[in-house]
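**Q** Build the 3D model from these lines:
(chains A, B, C and D)
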Number of protein chains: 2
Amino acid sequence: MTQKRPLYQAIRSAIEGRIMSGALRPGDRIPFEHELMAEYGCSRMTVNKALSALASAGLIARQRRRGSFVTRPRIHMAALQIPDIREEIEKRGHVYGLRLVGRSVHPANSAEAGLLRLPAGRELLALRCVHLADRRPYAVEARLINLAAVPEAREADFAATPPGSWLLAHVPWTEAEHRITAAAAGDAAGLLDLGADRPCLVLERWTWREAEAITYVRTVFDGESFDLTARFASQGAREQVFGG
Amino acid sequence: MTQKRPLYQAIRSAIEGRIMSGALRPGDRIPFEHELMAEYGCSRMTVNKALSALASAGLIARQRRRGSFVTRPRIHMAALQIPDIREEIEKRGHVYGLRLVGRSVHPANSAEAGLLRLPAGRELLALRCVHLADRRPYAVEARLINLAAVPEAREADFAATPPGSWLLAHVPWTEAEHRITAAAAGDAAGLLDLGADRPCLVLERWTWREAEAITYVRTVFDGESFDLTARFASQGAREQVFGG
DNA sequence: CGGCTGGAAATGTCTATACATTTGTCGACA
DNA sequence: TGTCGACAAATGTATAGACATTTCCAGCCG
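**A** From the prediction side, this is the model:
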């Protein structure tokens, strides 16, 4: 019955199993490295590799001198995959369409500067567009691009390529922040063909490259026909879905 | 200028930096282990630890005999941390309160059975409660618990302990699914002290242990005063925030 | 009784080496 | 010329040992 897989993985999943099954409960101490060495008849490095992997997966916490403890799964962590809107629509078998309803190049006013966390006056490209699925409005996007960081954006044809796809393909980023809120359709109501008080899901994203702001985008989806879902295992490998 | 941190981390972040900065582009081969050994004057195990970490973070892909390559796909992935509501409120320095407004034990009707993906007729514990921050309504929670999976829940005092905290502490889970939508306050309006058409963020969660459904919960937050945020690096280690 | 100190126990890092496994390459041979 | 096989190159796994670091604890000294 010996698996052909590596020993350190066998050790890892044996402990993982004891945690998942409830035999080891949050807060319990798992055996010391030297105990596992004896149990599996292997060297300490092998045990260490297994435990380090469990620790980096967040299943256990290791403390010098005290030992390793099963972590309390207090925090639920969902990995939300937020792919390109165009890809998402096409994956569902709909025809993607894009309508550019506004484009301007101007120095950042104070509100825009605050959003991008830049000094006012920097030159920005402001875009406003509607993503269409089978010719029907799917989402409204308002975007600011820092032209100092992405000068090529000035020449790009955003009536043909969605700004998000273009940026993903052209600009490497190092950090991003998402914010998800609910709000009334408001300004976007007309473009989405909804009532102004219709509840909408609003997804905002800030993207940086090192310390430099690249772009800010605010996307508004109809709450009734759009959702974000994430399915995942309690620890370890996760599989994600994005819904619409 | 030599950092005091471990060598394998220094190697890891040096390569990570070359990838992030664009010096190494997707598809490029990174130096072989023996080259890095020479560059850093260390043993192969140390280099291997650094590269294995990069591989498990998804930054590089390793292939026998061919070498290690920078991975291409850069999907946007946000790790949303969704912790316990009580902890979240207390972390902000508010006083947590709980008001249980409904409790019943009954066989699942067809709607409930569908939500939990169970056959109808299974015995359920249905709860409805309001989470309070400084005595003001913060969120409305409607929950179904599969009593076959969690018989102890029948005796638990959910007027004192929030159901989510109780379940997290008592029941190990293996799989979960989240769904985030926007909707009008509707039924929850009275309990949240809002107008019925106020946009709200709705968080639904299904939890399983192996194949057995444990619980379904639907939590409604006021959209104006609540948001979910996630900050993260483009690959690798992430730091998360949850907002309210 | 209280504070300091030193040893011991556990994890953290690292070395030098060994053999296994996979796969590209090149040469021998038909 | 084409194919098969041996070799070499790279990663994958594992060992046994060493020293560093952190922290608990007991025992010494005031």
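
**Q** quick one: stretch A:17-24 near chain B?
**A** Yes: judged by Cβ under 8 Å from any Cβ of the partner chain, stretch A:17-24 and chain B are in contact via A:I19, A:M20, A:S21, A:G22. C-betas here are computed from N, CA, C, even on glycine.

**Q** Ends of that stretch, what's the gap?
**A** Terminal residues of stretch A:17-24 are spaced 9 Å apart (Cα to Cα, to the nearest Å).

**Q** In it, which residues are buried?
**A** Of the residues in stretch A:17-24, A:I19, A:M20, A:L24 count as buried by neighbour count, 16 or more other Cβ atoms under 10 Å in any protein chain shown.

**Q** ditto for stretch A:209-218
**A** Per 16+ other Cβ under 10 Å, stretch A:209-218 contains these buried residues: A:R209, A:A213, A:I214, A:T215, A:Y216, A:V217, A:R218.

**Q** Which pair of these spans the longest distance?
**A** Greatest spatial distance among those (Cβ to Cβ): A:R209 and A:R218, at 19.8 Å.

**Q** where does chain A come near DNA strand C, residue by residue?
**A** Residues of chain A lying close to DNA strand C (Cβ under 7 Å from any atom of the strand) are A:32-34, A:44-45, A:48, A:51-52, A:55, A:62-68.

**Q** Filter those down to just the ones in strands.
**A** Judged by DSSP state E, the subset of the residues of chain A next to DNA strand C located in strands is A:R62, A:Q63, A:G67, A:S68.

**Q** with the residues you listed in mind, which one is nearest to A:R154?
**A** Proximity of these to A:R154, judged by Cβ to Cβ, is greatest for A:R62, which lies at 50.9 Å.

**Q** List the contacts of the closest one.
**A** A:L51, A:S52, A:A55, A:S68, A:F69 (Cβ atoms under 8 Å, 6 or more residues apart in numbering or on different chains).

**Q** now do A:Q63
**A** Counting by Cβ under 8 Å, 6+ apart, A:Q63 touches A:F69.

**Q** And it, how close does it get to A:S52?
**A** 14 Å (Cβ to Cβ, to the nearest Å).

**Q** Count the neighbours of A:C42 for me.
**A** 16 (other Cβ atoms under 10 Å in any protein chain shown).

**Q** ok, which stretches of chain A are helices?
**A** A:7-20, A:33-40, A:44-56, A:85-91, A:110-116, A:163-170, A:189-192 (DSSP state H).

**Q** Would you convert those helices into TSV that also reports mean pLDDT?
**A** Output for these, formatted as TSV (pLDDT from 0 to 100):
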stretch	mean pLDDT
helix A:7-20	92
helix A:33-40	97
helix A:44-56	96
helix A:85-91	84
helix A:110-116	94
helix A:163-170	84
helix A:189-192	94
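
**Q** Please convert the ones in strands among the residues of chain A next to DNA strand C to TSV, extending it with distance to A:T181 and pLDDT.
**A** Formatted as TSV, those follow (distance: Cβ to Cβ, whole Å; pLDDT from 0 to 100):
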residue	distance to A:T181	pLDDT
A:R62	37	96
A:Q63	38	95
A:G67	43	96
A:S68	39	97
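
**Q** out of the residues you listed, who's near DNA strand D?
**A** Applying Cβ under 7 Å from any atom of the strand to these, those adjacent to DNA strand D are A:Q63.

**Q** Spell out which residues of chain A are next to DNA strand D.
**A** Close to DNA strand D, as judged by Cβ under 7 Å from any atom of the strand, chain A has residues A:6-9, A:41-46, A:49, A:63-66.

**Q** Generate a ChimeraX selection restricted to the buried subset of the residues you listed.
**A** Restricted to buried positions by 16+ other Cβ under 10 Å, the ChimeraX selection for the residues of chain A next to DNA strand D reads:
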select /A:7,8,42,46,49
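
**Q** From the residues of chain A next to DNA strand D, pick the one nearest B:D187.
**A** Nearest member of the residues of chain A next to DNA strand D to B:D187, counting by Cβ to Cβ, is A:Q63, at 46.5 Å.

**Q** can you pull up the bridge partners for the closest one?
**A** A:G67 (DSSP bridges).

**Q** now it: how far from A:A55?
**A** 10 Å.

**Q** which one of the contacts of A:R62 is nearest chain B?
**A** Set against chain B, the nearest of the contacts of A:R62 by Cβ to the nearest Cβ is A:S52 (8.9 Å).

**Q** give the contact list for that closest one.
**A** A:S52 touches A:R62, counting by Cβ under 8 Å, 6+ apart.

**Q** Any figure for the gap between it and A:G41?
**A** 20 Å.

**Q** cool, A:A213 as well?
**A** The value you get for A:A213 to A:G41, if Cβ to Cβ is used, is 55 Å.

**Q** repeat for A:E90
**A** In terms of Cβ to Cβ, A:E90 sits 54 Å off from A:G41.

**Q** Burial check on A:A111, number of neighbours?
**A** Using other Cβ under 10 Å, A:A111 is surrounded by 9 other residues.

**Q** Look up how far DNA strand C lies from it.
**A** Relative to DNA strand C, A:A111 is positioned 45 Å away (Cβ to the nearest atom of the strand, to the nearest Å).

**Q** Nearest residue to A:I30 in space, please, no chain neighbours.
**A** A:S68 (5.0 Å; Cβ to Cβ, 6 or more residues apart in numbering or on different chains).

**Q** Go ahead and confirm the one you found touches A:A55.
**A** Yes: between A:S68 and A:A55 there is a contact under Cβ atoms under 8 Å: 7.3 Å.

**Q** which of the two has more neighbours?
**A** Each of A:S68 and A:A55 has its neighbours counted (other Cβ under 10 Å); A:S68 has more, 22 against 14.

**Q** Tell me who's in contact with the more buried one.
**A** By Cβ under 8 Å, 6+ apart, the neighbours of A:S68 are A:R29, A:I30, A:F32, A:L51, A:L54, A:A55, A:I60, A:A61, A:R62.

**Q** Which members of these are classed as buried?
**A** With burial judged by 16+ other Cβ under 10 Å, the buried subset of those is A:I30, A:L51, A:L54, A:I60.

**Q** Give me the pLDDT value at the last one.
**A** Yep, that's A:I60 we're talking about. In this model, A:I60 is scored at 92, pLDDT.

**Q** Check the first one too.
**A** Model confidence at A:I30, given as pLDDT, is 97.

**Q** any idea how chain A splits into domains?
**A** A:7-70, A:85-233 (automatic domain parsing).

**Q** is any part of the longest one close to chain B?
**A** Okay, so that is domain A:85-233. Yes: Domain A:85-233 reaches chain B (Cβ under 8 Å from any Cβ) through A:168, A:172-184, A:197, A:199-202, A:205, A:210, A:221, A:223-224, A:226-233.

**Q** What about the residues you listed, which are in strands?
**A** A:175-184, A:199-202, A:205, A:221, A:228-233.

**Q** Can you spell out which residues form a bridge with A:G102?
**A** A:R128.

**Q** Next, find the distance separating it from DNA strand C.
**A** Distance of A:G102 to DNA strand C, computed by Cβ to the nearest atom of the strand: 50 Å.

**Q** Before I go, just wanted to say thanks for your time.
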